[in-house]
Structures are given as structure tokens and as C-alpha cells.
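J.: build the 3D model from these lines:
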Amino acid sequence: MAGERRPVPRLRDVSREQFLQHLYPQRKPLVLEGIDLGSCTSKWTVDYLSQVGGTKEVKIHVSTVAQMDFISKNFVYRTLPFDKLVQRAAEAKHDEFFISEDEKYYLRSLGEDPRKDVADMRKQFPSLEGDIKFPKFFREEQFFSSVFRISSPGLQLWTHYDVMDNFLIQVTGKKRVVLFSPRDAQYLYLSGSKSKVLNIDNPDLAKYPLFSQARRYECSLEAGDVLFIPALWFHNVISEEFGVGVNVFWKHLPSECYDKTDTYGNKDPVAASRAAQILDRALKTLADLPEEYRDFYARQMVLQIQDRAYSKNFE
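T.: Predicted structure coming up:
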């Protein structure tokens, strides 16, 4: 099993002022209850979404396994009319299917042109816009995107981090969310922004021995709950039943810190990308030296990074 487990704190009827002044600066996950989200939590049934959401084609992930892996791509992309997706995602077995009768579906809504446009569910699904209210716990100019999500029961998304702050609004259904601090990245066996450890409940510790040292934060989300996920916090989401969610992402850093070509909100800040490129060049330069010299000077570099870049006062 993974290491230490902690519940994500839950608070009810938090005001904008309380969140911004006392909670947001802590940069830790938090479940907010009692937020006014509009009528979506009662209206967005399968029948309602099928009738009102329309027949626009949407791009979806289709998987025959519960634990989706973005590194190995153990799923395929397909398209379905939105109303058909809703109906199929709510089923356990399908009369119509792409791969198998028990395949699972996942929608992560996109902009009109995903290469240029960010997702904003209010634009992609205008017939549903009036049903939902976003928590106004950030300035309007900080808004980045709002992503509409639909998941089949039992579907588990890979552990990953985002570079934007995030409100995960659970509109209908139940989710279990497991989070890991950015400080535990060294234990998560990363490939880019994603962890190679898929089965976080029963990890293969022979293959991933350091994973047992990762401190795990957990919460269950039900209709009406809002989970604050700070930028860089790793999260793994399990849909325990058919559910609809909306992620609202906003910029924690000034706009100029982010990659202007990033429409998904998952490209590292410009300074971080530049630093990674410089480090890669430095390591390639060390390759010109014999092994004992490479080892010595690489260790010196690590010590400098630890001394000059790491914060000493983060728990």
C-alpha cells in the first residue's frame, strides 16, 4: 500500500473573502460544501442532458479497462453525438459499442479548435450554461478554461498535475479523488506530468518501491461538492458511478508566466520549461567527461539546486 494517508479537509459555506484571505494562500487541497452552483446538481440527469445537451459530435476516450493510462495510451479516441455519449456512459453494458459491450467512456470537452481555443463549456454547451454557476473565488481576468467532463462508472484517470489552479465541481454522481503533494513528485515515477503508477490502491512496489513513501490525501465527492486542487498537486480521479463534472481552471501566476500556445493548461510555465532545457544541455555537456568526473560534477549540481532552489519551510 501507499504511504501515509490524510483526509482532505472539508469546509461548509466558505465565503469568497475567507477563501482568498485564509485558505487559498495555504496552497493545499480543500473540499468546499454548500457553494451555490445553480440548478445543475438537480437538473443534469441522463434524460435532461440527452434532450438539452444536443447532438453535437464530441471527441471521447474509449477504454476496455478501468485504469486509463495516458503514457501507454490504453484507449482509443472516437466521436459520438453528445446525447448518445450521455446515454452510453450511463450504461454498464452497451447494445452499440466500438470495442466491447462493457467499454467505458470519458469526455474531456475541448475548444472549437483545440489547437487554438481553450475549452469553455459555456461556449461549447450554451444550452447548459444557465444551469450552472461557477464559484467566484478568483478575478475574472484570471479565468483560463471551464472543462465539461463525463465518466462511465468505475473509470479511473491517470495521476497527473496541472499548471493552473482548479475547482473540480462534482455536479452529479460520486468520485473518489486521491492527491499527492508536489513535494512527493520524486516518489511518483513521472513521465512528463503523469505518473507511471496506475494502480494506486495496490501498487507494484517491486517495480515502484519509492511509491510507498508518497503521502496520500483522499476525499469523496458527491453532487454539489467542489474540490480545490492547487496547481502542481497530483490527482487521481475514480468515478464510482456515472457522473458529470466541470473543472474551472484559473491562473495563479501572472499571464506572461504561461505558454501562450497552451490551450489545455498543462504546459509548464515558460521559466520552468526554459530551466529544463538548460539543465538538459548541461547534462549533455557533462557527457564529454569520464564517468568519475561526470558523477562528481553532477552531484555538485544537485547540491547547488538543493541549496538554492528548494524551499525549506514547506510541509
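
J.: so what's the residue count around the closest residue to Ile71 other than its chain neighbours?
T.: Leaving aside its sequence neighbours, Ile71 sits nearest to Ser191 (Cβ to Cβ, 6 or more residues apart in numbering; 5.1 Å). Just so you know, the C-beta spots here come from the backbone N, C-alpha and C atoms, and that holds for glycine as well. A count of nearby residues for Ser191, using other Cβ atoms under 10 Å, gives 12.

J.: all further residue positions should be reported with the first residue as 419.
T.: Sure, I'll start numbering at 419, so the last one becomes Ser609.

J.: for Ser609, give the beta-bridge partners.
T.: Lys612 (DSSP bridges).

J.: would you map the helices across the stretch 469-618 of the chain?
T.: In the stretch 469-618 of the chain, the helices defined using DSSP state H, counting those that start in this stretch lie at 500-507, 539-542, 544-547.

J.: tell me who's in contact with the closest residue to Arg434 other than its chain neighbours.
T.: Nearest non-adjacent residue to Arg434, counting by Cβ to Cβ, 6+ apart: Phe555, 5.3 Å away. By Cβ atoms under 8 Å, 6 or more residues apart in numbering, the contact set of Phe555 is Arg434, Phe437, Leu438, Tyr442, Phe585.

J.: 7 Å instead?
T.: Phe555 is in contact with Arg434, Phe437, Leu438, counting by Cβ atoms under 7 Å, 6 or more residues apart in numbering.

J.: need the pLDDT of it.
T.: Phe555 is assigned 96 on the pLDDT scale.

J.: what about Leu597, how many neighbours?
T.: Leu597 sits with 24 neighbouring residues when counted by other Cβ under 10 Å.

J.: cool, Pro532 as well?
T.: 13.

J.: same deal with Glu519?
T.: 12.

J.: that one contacts Glu509, doesn't it?
T.: No - in this structure Glu519 lies outside contact range of Glu509 using Cβ atoms under 7 Å: 9.3 Å.

J.: any idea where the helices of the stretch 619-733 of the chain begin and end?
T.: Using DSSP H, counting those that start in this stretch, the helices of the stretch 619-733 of the chain run over 688-704, 709-726.

J.: output these as JSON lines; include the columns mean neighbour count and distance to Tyr635.
T.: Shown next, in JSON lines, are the helices of the stretch 619-733 of the chain (neighbours: other Cβ atoms under 10 Å; distance: least, Cβ to Cβ, whole Å):
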{"stretch": "helix 688-704", "mean neighbour count": "12", "distance to Tyr635": "23"}
{"stretch": "helix 709-726", "mean neighbour count": "11", "distance to Tyr635": "25"}
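
J.: dump those into JSON lines; add distance to Glu451 as well.
T.: Formatted as JSON lines, these follow (distance: least, Cβ to Cβ, whole Å):
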{"stretch": "helix 688-704", "distance to Glu451": "34"}
{"stretch": "helix 709-726", "distance to Glu451": "40"}
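
J.: which residues are in contact with stretch 578-588?
T.: The contact list for stretch 578-588 (Cβ under 7 Å, 6+ apart) reads 455, 553, 562, 611-612, 639-641, 643-652, 661, 663-670, 683-687.

J.: again, but for stretch 473-487
T.: Stretch 473-487 is contacted by residues 492-501, 503, 516-518, 521-525, 527-528, 572-576, 616-617 when judged by Cβ under 7 Å, 6+ apart.

J.: same thing with stretch 434-444?
T.: Under Cβ under 7 Å, 6+ apart, the answer for stretch 434-444 is Val432, Leu448, Lys554, Phe555.

J.: widest-spaced pair of these?
T.: Greatest spacing in the contacts of stretch 434-444, by Cβ to Cβ: Leu448 and Lys554 (16.4 Å).
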